[in-house]
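K.L.:
only geometry, no sequence info:
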Ligand SMILES: Nc1ncnc2c1ncn2[C@@H]1O[C@H](COP(=O)(O)OP(=O)(O)OP(=O)(O)O)[C@@H](O)[C@H]1O
Ligand SMILES: Nc1ncnc2c1ncn2[C@@H]1O[C@H](COP(=O)(O)OP(=O)(O)OP(=O)(O)O)[C@@H](O)[C@H]1O
Ligand SMILES: Nc1ncnc2c1ncn2[C@@H]1O[C@H](COP(=O)(O)OP(=O)(O)OP(=O)(O)O)[C@@H](O)[C@H]1O
Ligand SMILES: [Mg+2]
Ligand SMILES: [Mg+2]
Ligand SMILES: [Mg+2]
């Protein structure tokens, strides 16, 4: 099992959510964060200077079975981007165990 | 050391907190999140249709020594549930290292 | 790659941020949390009784390459502390993979 954390533009959230739903990922948690990117103030990219400090960000936490890792990541990359600096990041972690509180059951079955 | 993330109903928080305290887990962090469950709109469970989209959720992040993993999970399962769909999830991760900022000390001792 | 989570006093944030920037860590995400410490009410420390329940906390999530782990932790310990109980905690986790959404590239290069 894997945890996929995605830090995306808030403005892209509804597009990402719909796309995830279409590939069968319809359970996750999210909250809003402030994000500092690796831009220096006044960074110039392809002749245009950007500041990403004011971009509103949303933090998505998605736990999936291993066979869903690739499609989840591909879907986020495909839908969260604008092509401009500051589109965000994805981080992947191992998950040791999962439980469904209602039933107490554990393991990959709880993610279906 | 393990990190236990629990996504619970906000309405169950104070019960969970008290129960955790009673078993000796009295340090953790929490914040409020929005949570999308794996329900389709109009899902019917035992003849009743449920929507969990509006349930307010709280995200608990609890780092414990390995010998506290089981009691922490058991306590959350016992106290966070209502028996109805949408009671929440628990995810467990390995923690590589921990530090207490005040003293700079590291390791399992910082969790006691 | 490592994820460094730091729970610090909100009042120390700007000092920590500046210090991280100076050692070359200028990308991370943060949000505000409520934090329960391991203090019993009325705990007495060096003759003074403290309650840390009302301290406002900020949660920093910083993903770095392994060669930045030590300097990031040292910098937080050096700048986030006041010497009084309740200065906060640092937790370290393994990160399996990272992606830059704009380009789709993955791996340690995305953290530079
Ligand atoms: N290593 C990191 N750890 C935690 N959060 C990060 C990290 N890197 C980026 N973020 C968060 O993600 C947000 C978006 O990052 P951003 O898209 O600017 O990445 P980038 O690598 O600078 O790519 P780009 O060149 O497209 O700008 C940042 O503002 C920051 O909050
Ligand atoms: N895999 C997941 N990754 C991240 N968050 C999740 C995941 N699964 C559930 N959650 C969060 O936990 C909340 C509660 O999940 P929920 O209790 O509905 O789980 P469930 O498996 O559908 O169990 P039930 O059948 O009892 O409803 C969801 O609304 C969602 O925000
Ligand atoms: N094991 C933990 N899991 C999650 N959050 C924690 C944990 N330990 C501490 N925290 C969070 O960090 C905050 C600060 O912790 P605190 O500085 O009081 O640590 P401490 O070990 O009690 O050190 P001190 O003796 O200096 O008070 C806590 O209020 C809590 O929210
Ligand atoms: Mg950037
Ligand atoms: Mg559900
Ligand atoms: Mg304390």
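P.N.:
Thanks, I have it. Predicted model only: the values in this text are computed from it and were never measured. Numbering: from 1, shown residues only, chains lettered A, B, ... in the order given. Ligands and ions are numbered 1, 2, ... in the order given.
K.L.:
Give the next helix or strand downstream of the helix or strand bottoming out on mean pLDDT in chain A.
P.N.:
In chain A, no helix or strand scores lower on mean pLDDT, DSSP states H and E than strand A:48-49, which sits at a mean of 56. Per DSSP states H and E, the first helix or strand lying C-terminal to strand A:48-49 is strand A:57-64.
K.L.:
Show me the shaky parts of chain A.
P.N.:
For chain A, applying pLDDT under 70 flags the ranges A:37-54.
K.L.:
Helices of that one, residue ranges please.
P.N.:
Along chain A, counting by DSSP state H, helices occupy A:13-22, A:69-80.
K.L.:
Check whether the shortest one comes near ligand 2.
P.N.:
It refers to helix A:13-22. No: counting by Cβ under 6 Å from any ligand atom, ligand 2 is not contacted by helix A:13-22; separation bottoms out at 11.0 Å. For every residue, glycine as well, the C-beta is placed using N, CA and C.
K.L.:
What residues sit buried inside that helix?
P.N.:
A:13, A:16, A:17, A:19, A:20 (16 or more other Cβ atoms under 10 Å in any protein chain shown).
K.L.:
Contacts for it, please.
P.N.:
Helix A:13-22 is contacted from outside by A:6, A:8, A:26, A:28, A:30, A:58, A:60, A:62, A:72, A:75-76, A:78-80, B:36, using Cβ atoms under 8 Å, 6 or more residues apart in numbering or on different chains.
K.L.:
which of these count as buried?
P.N.:
So, by 16+ other Cβ under 10 Å, the buried ones in the contacts of helix A:13-22 are A:6, A:8, A:28, A:30, A:58, A:60, A:62, A:72, A:75-76, A:79-80, B:36.
K.L.:
sorry, back to before: for ligand 2, state which of the buried residues of helix A:13-22 is nearest.
P.N.:
residue A:20 (11.0 Å; Cβ to the nearest ligand atom).
K.L.:
about what we covered before: just send the helices of chain A back as JSON lines, with distance to residue C:95 too.
P.N.:
Putting those into JSON lines (distance: least, Cβ to Cβ, whole Å) gives the following:
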{"stretch": "helix A:13-22", "distance to residue C:95": "21"}
{"stretch": "helix A:69-80", "distance to residue C:95": "14"}
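K.L.:
Could you say which one of those helices comes nearest to residue C:112?
P.N.:
Ranking the helices of chain A by distance to residue C:112, with Cβ to Cβ as the measure, places helix A:69-80 first at 19.0 Å.
K.L.:
quick one: the closest one to strand A:57-64, angle?
P.N.:
Orientation note: helix A:69-80 sits at an angle of 160 degrees relative to strand A:57-64 (axes from the mean of the first three to the mean of the last three Cα atoms, to 10 degrees).
K.L.:
Give me the contact status of helix A:69-80 with chain C.
P.N.:
Yes: Helix A:69-80 is in contact with chain C by Cβ under 8 Å from any Cβ of the partner chain, via A:73, A:76, A:77, A:80.
K.L.:
so what does that helix touch, helix or strand wise?
P.N.:
With contacts taken as 3 or more Cβ pairs under 8 Å, 6 or more residues apart in numbering or on different chains; DSSP states H and E, helix A:69-80 sits against strand A:2-9, helix A:13-22, strand A:57-64, strand A:88-94.
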